[in-house]
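>>> Show me how the following folds:
(2 chains)
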There are 2 protein chains.
Amino acid sequence: MNGTDHGRQGHAVTMRDVAKAAGVSVATVSHVVNNKSGARIGEDARRRVQEAVVELGYRPNALAKTLSQGSSRFIGLVADAIATTPFAGQIIHGAQDEAWKHGYVLLVANTEGNPAVENDAVTMMLEHQVRGILYSTWYHREIVVPETLHQTDTVLVNCFADDSGLPAVVPDEQQGGRTATEELLAAGHRRIAFLNTTTPSPAQTGRLAGYRAALEAAGIAFDEHLVQLAEPAQEGGYDATAQVLACGATGVFCHNDRVAMGLYDGLREHGLRIPEDVAVVGFDNQDVIAAHLRPPLSTVALPHYELGAAGVRVLLGLEPPVDVLRIACPAIRRQSV
Amino acid sequence: MNGTDHGRQGHAVTMRDVAKAAGVSVATVSHVVNNKSGARIGEDARRRVQEAVVELGYRPNALAKTLSQGSSRFIGLVADAIATTPFAGQIIHGAQDEAWKHGYVLLVANTEGNPAVENDAVTMMLEHQVRGILYSTWYHREIVVPETLHQTDTVLVNCFADDSGLPAVVPDEQQGGRTATEELLAAGHRRIAFLNTTTPSPAQTGRLAGYRAALEAAGIAFDEHLVQLAEPAQEGGYDATAQVLACGATGVFCHNDRVAMGLYDGLREHGLRIPEDVAVVGFDNQDVIAAHLRPPLSTVALPHYELGAAGVRVLLGLEPPVDVLRIACPAIRRQSV
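Numbers count the residues shown, from 1 in each chain, chains lettered A, B, ... in the order given. As a prediction, the model looks like this:
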């Protein structure tokens, strides 16, 4: 407990206390503490103020500084459910690291997609004069931009809104789908199934386009029977097992790691080995699952950390201006191919 | 875009603008906007100010309010890695919901356990005059309290520090271990293995004590051969399979769901069915895994949401004062027992 305590007991050390200890005016303390140019403060007075600041444990009031400077050292992150779902947390990690690097603190509000809470959170951030807001979603999708977001600099992260005029940072789904397919092609597979999601989304269309592009580049004709739809969870992958086997595929690109995990269970029940009988590639590189299946799953990573970090860089004007910045999805090689 | 824009263009509507539009002094606007008692403002002037506030889109400055009131509507949440690991995110969800309920916004700083970042985050929160801080960890453990936390009201969430004088909210590990064991006892099992973690922790000792208490209450002698240690991940559960089978257990209480997932793989390779041949109970109720194994896993939930919510209530003085508030871990029944 020291003199700067302002919570439970004692009183916060004020500029007045510093002035008294240093034998100068409060205005002089303010000039020194806020490092104002233009003020002529003698070296001796400046040193006495600095000593008193250290000795008394004076903490300059960030709010007062913000008021005088017009914007705070906050960047707001409005998330639908990123902090509370076990999926895209690395968006926060990346945004946070990049924000800290540039002297900003990330203020996270997780709204669970509730428009009223979202509006309150944005309003609160505006009142606290954030430098800008990252508006982000836990899975890649198109959004309708809340009106209040136009009142500050906003960057969309893991989502986009055409014609909104707001820059967006999203995963490169098409490249990711192509990369996943190429992993199977490189292992010699020619008959490759794609177990796509039933949910209409940029991931659904982008990964399919990437799958087709990879086949075309390899000189393999597209066969629509090889593309099947599954609910994007373990149950979907498991239920699709018989269909996948019926189409004669020797390799399967699964829309996500959860589908791959379900397919593993299904293939095992058919007495098939991975990758000897059927090779499997996932997507997401989802924590807790991908590295820990038997065998460990080869997959393509969603670049969540980099999405968050790039979002901050776009907000701070540290990236060349683009409407949509697409972040690469790298291959993660393990033992299922 | 409206008149309150203070980000990109135009100028923020000020109290002076409101005063001019309403034909009153700035002091009068301030009294009305800040709802100060003691000031005598005529009904007519008050109404004109209110109309001008709405018409111009004036946004009272939260920072100025905070300065005049001495503390903000922020509650700080300092987390080691909760927002970025796919595990305890519901702590944030619970704290957030409870904070919002009482008119506070949760300011989340995820520090990745880096002491320098942690110190900066706490300092920033103190400078912004938070109402108090929840200091929390992604898994239940003892901590050393950073010195700066004594400068405001602090509640430890999912962690504790004996003799620190700080209240703590933690999961009731012993009750949880007892509950898990009772699920197997209730299904008729008498020879129950406990695959405990190799990591010394409150979970390790608490769940073991609960296991022993449940056996004792059922009149079953403790057999140390039935308690085995495994790395707390899928690989640990898988590697322990032969040992577990060798001790003749018909039911296994796994330290966590990841261990149970690995044990599932091991039991399958031995041609054993769950629960017909061996019943399995997990711990955590971990998202993505527990409900989606084959068969879906019966487990005991870590009450992350409730830990966060209770932490806020303790901070705001809405719970009876205790040194350590233990939150119950409920049974989640699925199909593995």
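>>> Please make it C-alpha for all contacts and neighbour counts, starting now.
Will do.
>>> Could you confirm whether the helix or strand containing A:L307 reaches chain B?
In the assignment (DSSP states H and E), A:L307 maps to helix A:304-315. No. Shown here: helix A:304-315 not in contact with chain B (C-alpha under 8 Å from any C-alpha of the partner chain), separated by at least 9.6 Å.
>>> I'd like to know which elements that helix is packed against.
Using 3 or more C-alpha pairs under 8 Å, 6 or more residues apart in numbering or on different chains; DSSP states H and E as the contact test, the elements touching helix A:304-315 are helix A:90-101, strand A:133-142, strand A:154-160, strand A:168-171.
>>> neighbours around A:A45, how many?
Burial of A:A45, expressed as a neighbour count using other C-alpha atoms under 10 Å in any protein chain shown, amounts to 17.
>>> Helix, strand, or coil at it?
Going by DSSP: H, G, I helix; E, B strand; the rest coil, the secondary structure assigned to A:A45 is helix.
>>> do you know how far the residue nearest to A:G248 when sequence neighbours are not counted is from A:A180?
Using C-alpha to C-alpha, 6 or more residues apart in numbering or on different chains and skipping the chain neighbours, the partner closest in space to A:G248 is A:R191 (7.2 Å). Using C-alpha to C-alpha, to the nearest Å, one obtains 14 Å as the distance from A:R191 to A:A180.
>>> Run a quick check on A:E142 versus A:A161, I expect a contact.
Yes. Between A:E142 and A:A161 a contact is recorded at 5.7 Å, counting by C-alpha atoms under 8 Å.
>>> that older thread, show me the residues around the residue nearest to A:G248 that make contact.
A:248-251 (C-alpha atoms under 8 Å, 6 or more residues apart in numbering or on different chains).
>>> so which of those is the most crowded?
Most neighbours among these, by other C-alpha under 10 Å: A:G251, with 29 neighbours.
>>> Could I get the contacting residues of A:L229?
Contact analysis of A:L229 by C-alpha under 8 Å, 6+ apart lists A:195-198.
>>> Need phi/psi at A:L325.
A:L325 has phi and psi values of phi -100, psi 120 when expressed as degrees, to the nearest 10.
>>> Surely it touches A:F160?
No. Between A:L325 and A:F160 there is no contact, the gap being 10.3 Å when judged by C-alpha under 8 Å.
>>> Between the two, which contacts overlap?
Common contact partners of A:L325 and A:F160 (C-alpha under 8 Å, 6+ apart): A:167-170.
>>> Show me what from the stretch 151-300 of chain A comes close to chain B.
A:151-153, A:234-235, A:258, A:265, A:287-289, A:292-294.
>>> check contacts around A:M125.
If you count contacts by C-alpha under 8 Å, 6+ apart, then A:M125 has A:G76 around it.
>>> Quick one, grab the pLDDT at it.
Here, the pLDDT recorded for A:M125 equals 84.
>>> what secondary structure does it sit in?
Using three-state DSSP, the structure places A:M125 in helix.
>>> The one 5 residues further on too?
Reducing the assignment to helix, strand or coil with three-state DSSP, the entry for A:V130 is coil.
>>> And for it, nearest residue in space, chain neighbours not counted?
According to C-alpha to C-alpha, 6+ apart, the nearest residue to A:V130 is A:F74 (4.9 Å).
>>> Next up, the contacts around that neighbour.
Counting by C-alpha under 8 Å, 6+ apart, A:F74 makes contact with A:104-107, A:129-132.
>>> 6 Å instead, please
Listed by C-alpha atoms under 6 Å, 6 or more residues apart in numbering or on different chains, the contact partners of A:F74 are A:104-106, A:130-131.
>>> how much space between it and B:L293?
Distance, A:F74 to B:L293, using C-alpha to C-alpha: 42 Å.
>>> cool, and A:A213?
34 Å.
>>> List the buried residues in the helix holding A:L307.
Going by neighbour count (16 or more other C-alpha atoms under 10 Å in any protein chain shown), the buried part of helix A:304-315 is A:304-315.
>>> How about stretch A:100-111?
Along stretch A:100-111, the positions that meet the burial threshold by neighbour count (16+ other C-alpha under 10 Å) are A:100, A:104-111.
>>> Export that stretch to CSV, keeping only CA atoms.
Extracted C-alpha coordinates of stretch A:100-111, given in CSV (Å, rounded to 0.1, in the frame of the first residue of the first chain):
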residue,chain,number,x,y,z
TRP,A,100,0.4,-2.6,-26.8
LYS,A,101,3.2,-2.3,-29.3
HIS,A,102,1.9,1.1,-30.3
GLY,A,103,1.1,2.3,-26.8
TYR,A,104,-2.6,1.5,-26.8
VAL,A,105,-4.7,-0.6,-24.4
LEU,A,106,-7.3,-2.8,-25.9
LEU,A,107,-10.8,-2.3,-24.3
VAL,A,108,-12.7,-5.5,-25.0
ALA,A,109,-16.5,-5.6,-25.0
ASN,A,110,-18.0,-9.0,-25.8
THR,A,111,-21.7,-8.4,-26.7
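>>> how far out from the middle of the chain is it?
Distance of stretch A:100-111 from the chain centroid (C-alpha atoms, centre = their mean, to the nearest Å) equals 12 Å.
>>> Please apply the same query to stretch A:272-284.
Computed by C-alpha atoms, centre = their mean, the separation of stretch A:272-284 from the middle of its chain amounts to 28 Å.
>>> Compute the first-to-last residue distance for that stretch.
Stretch A:272-284 has an end-to-end distance of 24 Å (C-alpha to C-alpha).
>>> any residues touching that stretch, and which ones?
Everything outside stretch A:272-284 that qualifies as a contact, by C-alpha under 6 Å, 6+ apart, is A:250-257, A:260, A:298-302, A:336-337.
>>> Most neighbours among the residues you listed, which one?
So for the contacts of stretch A:272-284 (other C-alpha under 10 Å), the most neighbours sit at A:T299, 34 neighbours.
>>> Am I right that that residue is in contact with A:I332?
Yes. Using C-alpha atoms under 6 Å as the test, A:T299 is close enough to A:I332 to be in contact (5.2 Å).
>>> which among the buried residues of stretch A:100-111 are in contact with chain B?
Among the buried residues of stretch A:100-111, the residues lying close to chain B (C-alpha under 6 Å from any C-alpha of the partner chain) are A:107-108.
>>> Quick one: the buried residues of stretch A:100-111 as TSV, columns for secondary structure and pLDDT too.
Compiled in TSV, the buried residues of stretch A:100-111 are given as follows (DSSP: H, G, I helix; E, B strand; the rest coil; pLDDT from 0 to 100):
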residue	secondary structure	pLDDT
A:W100	helix	83
A:Y104	coil	86
A:V105	strand	81
A:L106	strand	85
A:L107	strand	82
A:V108	strand	85
A:A109	strand	83
A:N110	strand	83
A:T111	coil	84
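>>> returning to that earlier point: so how do I select the buried members of the contacts of A:L229 in ChimeraX?
Once 16+ other C-alpha under 10 Å is used to decide burial, the buried members of the contacts of A:L229 can be selected in ChimeraX as follows:
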select /A:195,196,197
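>>> For chain B, what's the nearest residue on chain A?
A:P86 (3.8 Å; C-alpha to the nearest C-alpha).
>>> Spell out the secondary structure type for that residue.
A:P86 ends up coil, using three-state DSSP.
>>> Return the distance of the nearest residue to it once chain neighbours are set aside relative to B:C254.
Of all residues beyond its chain neighbours, the one nearest A:P86 is B:P86 (3.8 Å), with distances taken as C-alpha to C-alpha, 6+ apart. Applying C-alpha to C-alpha, the value for B:P86 to B:C254 is 20 Å.
>>> show me where pLDDT drops low in chain A?
A:1-12, A:34-39, A:59-71 (pLDDT under 70).
>>> State which helix of it is the longest.
When chain A is scanned for its longest helix (criterion: DSSP state H), the result is helix A:202-217.
>>> what does that helix rub up against?
Under C-alpha under 6 Å, 6+ apart, the answer for helix A:202-217 is A:173-175, A:177-178, A:181.
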